[in-house]
Every structure is written in structure tokens, then in C-alpha cells.
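Visitor: Fold the following for me, if possible:
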Amino acid sequence: MTADSPRPITDHTSHPAWLPDDAFAAIGSRRVVVAGDGALAGTVAEEVAAATSRFGGAFSRLEVGDGVADAELVLTLTPPDAGGGASAVAAVDAPGTDESFRLTREAGAVVVQAACDAGLLHGLFHVVRLGEAAFDGPDVDETHAPATDLRMLDHWDNVDVHPVMGQVERGYSGGSIFYDNGFVHADLSRVERYARLLAAVGINRVAINNVNVHAREARLLTEDLGDVVRVAAVFRRWGIRVHLSVSFASPITLGGLPTSDPLDQGVAHWWVRAAARVWDAIPDFGGFVVKADSEGQPGPFAYGRTHADGANMLAAAVEPYDGLIHWRAFVYDHRQDWRDRSTDRARAAYDHFHPLDGAFSDNVVLQVKYGPLDFQVREPLSPVLAAMPHTRVALELQITQEYTGQQRHAVYLGPQWSQILGFRFWDPAGREGGSPTVADLATGRAKAVEDPGTGTWRKPAGGFAAVSNVGDDEFWTGHPFAQANLYAYGRLCWDPTLDPAAVLDEWAGLTFPGAPDAVRQALHAVLDRSWETYEQYTAPLGVGFMVRPGHHYGPDVDGYEYTPWGTYHFADRDGIGVDRTVRTGTGYAGQYPGPWSAAFESPSTCPDELLLFFHHVPYTHVLHSGKTVVQHVYDTHFEGVARVEAMIEAWSAVSGHVEPRVSERVSERLAEQLRSATEWRDQVNTYFLRKSGIPDERGRTIF
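Guide: Modelled structure (predicted):
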């Protein structure tokens, strides 16, 4: 878009989410000093100046090392003689920047010190989160640092409105905050407010377009690069680097070449020139995200090349600029024959990528979905996460609730993510000195753990990536409570060991400051177990899917049962589930290291919540809980609906204490959640009653 063809952003007044004015009251009522140069130090100073003006405090901007004896809060860069200095400040946008900060409190006065102004920004928002607690209590001296410097959000926004997927693919919050039907917004003020929210929870990288790169989106790399420059300038003020998703076929579609073969010198040179143009325009550009050979996207398989061939060709083009290639491992055959029970979509990523471990360049990050299928409410952890000790691996999560209620249902995903991050592939008990967690693998903290094959774990961190849930809806996320997922993702990226229940309470306290305690208690009651509640009234025991094909909302038990997409449950009159054992099934269970491969192999040791993912069992099979499979289905679906009714009751009791627009939106979404949960209950229970012929032992109504 050019300056003479502006397109206005939608005229919503955006909800402040976790940064309402009152969240800054503790800072704004005090004497505050900001000391230091740099763009982000300037952002810190602007935030403090606005807060002190609003709440009657005092603000001063000083040089590093100047006297600040009377200040109650000092935010300062480390002076040169303390090991920081100009070089650290200048490196704020460089890869590997030290984003840590030190917080000390003495006699109620707080000092935040950082080696660079990115750390200073994180320190400011840490004090905002603490509120009055930052200034109360005994003296402290503590250092805070992120677990990894790769904390990324992927936006599936389309520049053009896609005829099927719309403006934002798998977006449930309105249109894009970046694009409007073919153009980049002229007014990027909404993007500015969004960047501020992300900075407050520690996100430091964003990819701003869909991984399914259509013809219009591909042009962001070339003639529309000027618009990317504008967007990058907005994020830069908040310490966030911009990335682009690119099409592997760009040399053909954009460059007019006859091939995209990664071993063709003309193709490699095209990418070298493309990278040079991008980094010349955006010196702190992050890199490219690539979805290749998946769901119709082009890739190296068309030329008989491996994914390492394709990724490394791109990596060489961006390496001079310390750029990254995020290469998604979501590769499978979406045209398989449902009649062939030996074909298993769950196997695909491991089968494709495990043989390539050690073949990827150091600046390639293999981005792996947390499960082997597709962001289901329950599925086992992807074995690829454990199978690539010589590859930088990023854990990919989905904040947008594609399979968890699409932001019409209140489903807090923090507990799910915490379980994922804490999972141990080699030592489930977590004995001292034993297996690393998934978080350790993603953050590079597993380097000291020996790989059984080679004795080393040599690659640095791959970090975290997740699909964003934001749109131009006034509440950002459609459902106001879905803001908690975006908040929790950022906080868990910074520190994967955080308690998700505490993070939920932290979000509630910031989002509804000054509300009665009953409001925060109700929010906790509604959301803390909501992931488990959603699982209860949808797909049971890890079987997955059972959703409407295409849009993926609402129940359709057999929706994918006879399709080429490869997501089956194989229910018949005798039983249900997929045999993924080594002995009699697809062999998927054998992709795990011990002891999990053995645990998943047998129904007697497989966890109940994953039983139907790994085994085809009779409806009368007795779970570890003591219930039969079919009775578990009946009981959980009735209980799930009852829990949603309790959620509505808890919210109704306090909804009058929040602003009407929030109250009305939440009440409307909860009503839809109850309607949908009831439909899930009745369809799933009826399906299994009719398949099995086994009645509910409690005699409840099943149709």
C-alpha cells in the first residue's frame, strides 16, 4: 500500500486487557527516575511519565550514574564501570541480547538495573505486575532472566480475504490488526497497542502473515516490503523483532524462475538477493517462517530434495544477518486412503525429520507442534521433540482455540501448556539429575544430558512459538477471557516453571484492578479447570477430532472418519480407538524413547487420558479409574455440561461488578458454550449408545 491509498483500521475502541490505567497506580503515585539512553529506555520513560502524570507522582529522566537518592523507583541501565555501558545499549536489537534485569528493594525503595534497555523494559512491566507488592516487604535482591531469547508469536493473517479462511485463518476475533482486504492498514495505532501488550508479557518476536502463503501475501517479501518496514518500526519500540512467512515457491511466483529447486544456483542466488533487500530495509529483521510440503504448500519434495536441503539453502541466504529460518515440521500426507489402517498421520513428522537430525544448519529452527496430529485438546507429546538432539527445536503451541472452542468457549490453556512444558521423555519421575523436561529441550538447558546415540546434545535453544489468537475485535480475542491464554503464553515462555493457576490470578488482578475479590475468585472458578471441562464434553480419552470438517467447530463424531485427512477413531460395534502399537498397529508408539514406548504399548500401562489414541479397545474395557470406556464417556459428558452450568452461575453472581460491555460479552459467550456443550454431550453419548448398545448405568436421558 502507498501513502496515497490509505485504508483505515476498524473503528473499535480496544479493551486495555492486562494494561488498564489502574495497573500503573503503584508506579504512578511515586517518585520515579529513568536513567539511560536507547529507544526502549525512551519507551520506558514515556510509560512512567504517563503514569506519574495520571496518579500524581513525580518523574525524572537522568543520565546513567546521576544521583537518584530521593527516588522510590529507579529504572536504570548498568553504568559503564559496572560492566554494561554503551556497547550493551547499542546491542539492544542484536541477537542474543541480554534481556535480564536485577531488582533490589531496600527500605521500600526499588531499583531495577539492566545491561540493555530491553531488560529495562521487562523490569518496568515486572514492577507493574507486582503493583504495591513491589514496594512492600523485606529487602530483596533478585535477578530475572528469560528462559530463552526466542519467544515468538505466529500470526495467520492474510493480506487478502481468503475465500474460505477469511482475513485471519483460524482467527476467532474479527479481522486482522495488520491487513484489511488487500492492504496494510494506514493507521497502525492498534498494532502499537498490541505491541505494548506483548512487551508486557515478554514476547520478543512476531511473524506477521499466514504460514499458508498465498500469492498476495508472498508480495510482502518484494514490492510490499515498505509496509513491512512500517510494521517493524512499530514493534521495534517495544523490543519485538518482525519475521515473515514465505512461500518456498517464491523464486517462481515472484522471481519468474522456472524452478524452486533448493540445489539450483539460480534459486539460491534469488534468495540471497531477497534477504539482502529485506535486511537492508529492516536491519533488525528476524527471519523467515516456512511451511513446506504440507497441505498443498510447495516444498523441496517436488525436486526430490530433503527438508534439510530446503531449509539450509534459505539459512545460507539469511546467515550474514544473523537471521533465522523457522521450518515447520507439520508435514504429512493429506490425501491418504482411509481404508488403509497401516497409514498413520501421527507418524509423519518423526518419519520425515528424525533421519535428518544433525543435517540442519545452525540457524535453522525446526518448529514442532506439541502433538503429532493437530493441536487437539488431548494428544501425546510429539516424539520429534525428543528425537532431534542435534537440531534446534522450537515447541509450537496454539493460542487461537481452533480445537478448543474457538474463543466462544472459555478454555484456559495454561494448565495444558504447563503439563507439556514439564513432560519428561526419559524419566517420568523426574529424579534428580535425570531427564530434561520439554521446556529444557526448547530452551537449550538440556545440553548436559547425554543423548543415547551420540552422548551429546549440542544445539542451542530453539525456543517457543505459538499461533496468535488476536484480531480487531474490541476485546482483542473475541472472548474477554481468552486474553488469559495470550497472557499465559508470554509468561510461560519467560519462565516455563510458573504455576498456571498463579498466572491466571495474576492476569485477573491486572485486568480487573480494583474489582472486589469475589470477581477474581469467580474468574478462577470459571477458568482454572476449564481445559479439563472442555475435554470432558468433547472427544474422550485422547481419541481426537470428532469436530465438523472445515471450520472445526462443534461435534461431528464421524466427520473425519472417511476422509483423506487421516484422523480416524475406527469405532465399530465392538470398540473404539486407533491401534498405534508396535506389535499389532501402526508402530507409532515405538517412536518414543523408553520408558514411554513401553508404557504406551500396553493398555494396562497407557494413561487413561490417551488410551484411545494408542489402542482399539472394547467399550467394556475397564480404565484405571475403575470405569468402563463407555461409562466414562457418558459420565464425563454429563459432568462437563454440569460444569459449564456452574461456570455460568459463578459469573452471574459477580458480573455486575465489571463494566457492562465485558459483562455482556462474557455472558453471551457462556450461553453459547452451554448450548454447544449440550450438543456435544447429546451427540457423543447417543453415538456411543447406538454403536455399543450398552445403556448408561445411571439411567440418564440419551437419545
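Visitor: can you map out the helices along the stretch 401-550 of the chain?
Guide: In the stretch 401-550 of the chain, the helices defined using DSSP state H, counting those that start in this stretch lie at 414-422, 438-443, 483-494, 500-511, 517-527, 530-537.
Visitor: Point out the one among these that comes closest to residue 647.
Guide: Among these, the nearest to residue 647 by C-beta to C-beta is helix 517-527 (4.7 Å). Placement of C-beta: from N, CA and C, glycine included.
Visitor: So which elements touch that closest one?
Guide: When contacts are defined as 3 or more C-beta pairs under 8 Å, 6 or more residues apart in numbering; DSSP states H and E, helix 517-527 packs onto helix 500-511, helix 629-652.
Visitor: Name the residues of the shortest one that come out as buried.
Guide: Going back to what we said before, that points to helix 500-511. Within helix 500-511, the residues that qualify as buried by neighbour count (16 or more other C-beta atoms under 10 Å) are 500, 501, 503, 504, 505, 506, 507, 508, 509, 510, 511.
Visitor: do the last one as well
Guide: Burial within helix 629-652, assessed by neighbour count using 16+ other C-beta under 10 Å, is assigned to 629-638, 640-641, 643-644, 647-648, 650-651.
Visitor: Helix, strand or coil: sort out the residue nearest to residue 535 when sequence neighbours are not counted for me.
Guide: Of all residues not flanking residue 535 in the chain, residue 377 sits nearest, at 4.9 Å (C-beta to C-beta, 6 or more residues apart in numbering). Assigned with DSSP: H, G, I helix; E, B strand; the rest coil, residue 377 falls in the coil class.
Visitor: tally of neighbours for residue 377?
Guide: By other C-beta atoms under 10 Å, 22 other residues sit near residue 377.
Visitor: do residue 304 as well
Guide: Using other C-beta under 10 Å, residue 304 has 9 neighbouring residues.
Visitor: Residue 261 versus that one, what's the distance?
Guide: Counting by C-beta to C-beta, to the nearest Å, the separation of residue 304 from residue 261 is 9 Å.
Visitor: ok, back up a step: with respect to residue 25, which of the helices of the stretch 401-550 of the chain lies nearest?
Guide: helix 500-511 (11.4 Å).
Visitor: That closest one - contacts with which helices or strands?
Guide: Looks like helix 500-511 contacts helix 117-130, helix 414-422, helix 483-494, helix 517-527 (3+ C-beta pairs under 8 Å, 6+ apart).
Visitor: Kindly recompute the last result at 10 Å.
Guide: Counting contacts by 3 or more C-beta pairs under 10 Å, 6 or more residues apart in numbering; DSSP states H and E, helix 500-511 packs against helix 117-130, helix 189-201, helix 414-422, helix 483-494, helix 517-527.
Visitor: Alpha carbons of stretch 638-656, as CSV, please.
Guide: Provided in CSV are the C-alpha atoms of stretch 638-656 (Å, rounded to 0.1, in the frame of the first residue of the first chain):
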residue,chain,number,x,y,z
PHE,A,638,-22.8,-35.2,31.6
GLU,A,639,-20.3,-33.8,34.1
GLY,A,640,-18.8,-31.4,31.5
VAL,A,641,-22.2,-29.8,30.9
ALA,A,642,-22.9,-29.5,34.6
ARG,A,643,-19.5,-27.8,35.0
VAL,A,644,-20.4,-25.2,32.3
GLU,A,645,-23.7,-24.5,34.2
ALA,A,646,-21.6,-23.9,37.3
MET,A,647,-19.3,-21.6,35.4
ILE,A,648,-22.4,-19.5,34.3
GLU,A,649,-23.7,-19.4,37.9
ALA,A,650,-20.3,-18.2,39.2
TRP,A,651,-20.0,-15.5,36.6
SER,A,652,-23.6,-14.3,37.0
ALA,A,653,-23.0,-13.7,40.7
VAL,A,654,-20.3,-11.2,40.0
SER,A,655,-20.9,-9.9,36.5
GLY,A,656,-22.5,-6.7,37.8
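Visitor: partners of residue 395 in the sheet?
Guide: Beta-bridge pairing of residue 395 under DSSP bridges involves residue 368, residue 464.
Visitor: Which pLDDT does the model give it?
Guide: pLDDT recorded at residue 395 is 98.
Visitor: again, but for the one 10 residues further on
Guide: The per-residue pLDDT reported for residue 405 equals 98.
Visitor: My guess is it contacts residue 674. True?
Guide: No: in this structure, residue 405 is not within contact of residue 674 by C-beta atoms under 10 Å, at 11.9 Å.
Visitor: And the two? Which one has more around it.
Guide: Using other C-beta under 10 Å as the criterion, residue 405 and residue 674 rank with residue 405 on top: 25 against 16.
Visitor: gap between the more buried one and residue 680?
Guide: Separation of residue 405 from residue 680 (C-beta to C-beta): 10 Å.
Visitor: Tell me the residues that contact both of those two, please.
Guide: Contact with both residue 405 and residue 680 is made by residues 534, 538, 554, according to C-beta atoms under 10 Å, 6 or more residues apart in numbering.
Visitor: Tell me how many other residues crowd residue 165.
Guide: 17.
Visitor: contacting residues for it?
Guide: Counted by C-beta under 10 Å, 6+ apart, residue 165 has contacts 156, 158, 171, 210, 212, 214, 550, 551.
Visitor: Tell me the backbone dihedrals of the first one, please.
Guide: Just to be clear, that refers to residue 156. phi -100, psi 50 (degrees, to the nearest 10).
Visitor: pretty sure it is touching residue 210, no?
Guide: Yes: at 4.5 Å, residue 156 counts as touching residue 210 under the criterion of C-beta under 10 Å.
Visitor: Strands of the stretch 51-200 of the chain, residue ranges please.
Guide: Counting by DSSP state E, counting those that start in this stretch, the stretch 51-200 of the chain has strands at residues 58-62, 73-77, 101-106, 109-114, 140-144, 151-154, 157-162, 166-168, 179-180, 183-184.
Visitor: Direction included, what does the second one pair up with?
Guide: Paired with strand 73-77 in the same sheet, following DSSP bridges, are strand 31-35 (parallel), strand 109-114 (parallel).
Visitor: lowest-pLDDT helix or strand in this structure?
Guide: The helix or strand of the chain with the lowest confidence, counting by mean pLDDT, DSSP states H and E, is helix 86-90 at a mean of 32.
Visitor: ok, and the closest non-adjacent residue to the residue most central in space within the chain?
Guide: With distances taken as C-alpha atoms, centre = their mean, the residue of the chain nearest its centroid is residue 466 (2.5 Å). Nearest residue to residue 466, sequence neighbours excluded (C-beta to C-beta, 6+ apart): residue 397, at 4.1 Å.
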